[in-house]
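A structural model of the following input is requested.
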Amino acid sequence: LATLLAVLTLSYPVPLSGLIALLGLSRWFGVSRLVRAETRIVRAQEYVESARALGVPTIRILWRHILPNIAAPVLVASTLAVGNVIALEAGLSYLGIGAQEPTPSWGSIFFDGVEFFAGNWWVVLFPGIAIVLTVLAFNVLGDALRDVADPRQVDVARRLPKSTLTEPPTMHALQPSENG
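As a prediction, this is how the structure comes out:
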């Protein structure tokens, strides 16, 4: 982040395309480390070793076993990173080194409203709420994608017999037994 700020201040004013490129190029390292770590963990699992011992081609092991098991954490990390980039861009724009006029940015709108805060509090409140809700939406999206895409999470309804899911309980099952 310090390097990003140094580059931004040296090339002030930064065009919007340069800001997008700098934010994108500086924020992918964490996701790449996660991909590598998750791949190493899944690669060491017994089912991958078994597939390798059976002579399954490497590309099939990657597509069939490794990629589905690393997709969920990578999706979650990516959506969290999008929320972080939005907050970072708003912060940089608030400081005056993000998107420049006339390009609208929540950070610059927030900054413009600070001087009117005493009498017109809503000028600061609504851009702040928009930033928080957008970042929160990406975090919730990442959580929902994890729930859908993670093959390691087993749905309880899939393990129950169909009769348990479709038949209502009978009255004799709810009454105490004669012996007890």
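
The most centrally placed residue in the chain is in what secondary structure piece?
In the chain, the centroid-proximal residue (Cα atoms, centre = their mean) is residue 79; its distance is 2.5 Å. Residue 79 belongs to helix 67-95 when assigned by DSSP states H and E.

Mind listing what's buried along that helix?
Within helix 67-95, the residues that qualify as buried are 69-90, 92-94, counting by 16 or more other Cβ atoms under 10 Å. Placement of C-beta: from N, CA and C, glycine included.

got it, and stretch 99-109?
Of the residues in stretch 99-109, 99-100, 105-109 count as buried by neighbour count, 16+ other Cβ under 10 Å.

Please list all residues in contact with residue 31.
Residue 31 makes contact with 74, 77-78, 81, according to Cβ atoms under 8 Å, 6 or more residues apart in numbering.

quick revisit: quick check: next helix or strand after the helix holding residue 79?
Sequence-wise, the next helix or strand downstream of helix 67-95 (DSSP H and E) is helix 106-114.

Now do that following helix: which elements does it pack against?
In terms of contacts (3 or more Cβ pairs under 8 Å, 6 or more residues apart in numbering; DSSP states H and E), helix 106-114 is packed against helix 67-95, helix 122-149.
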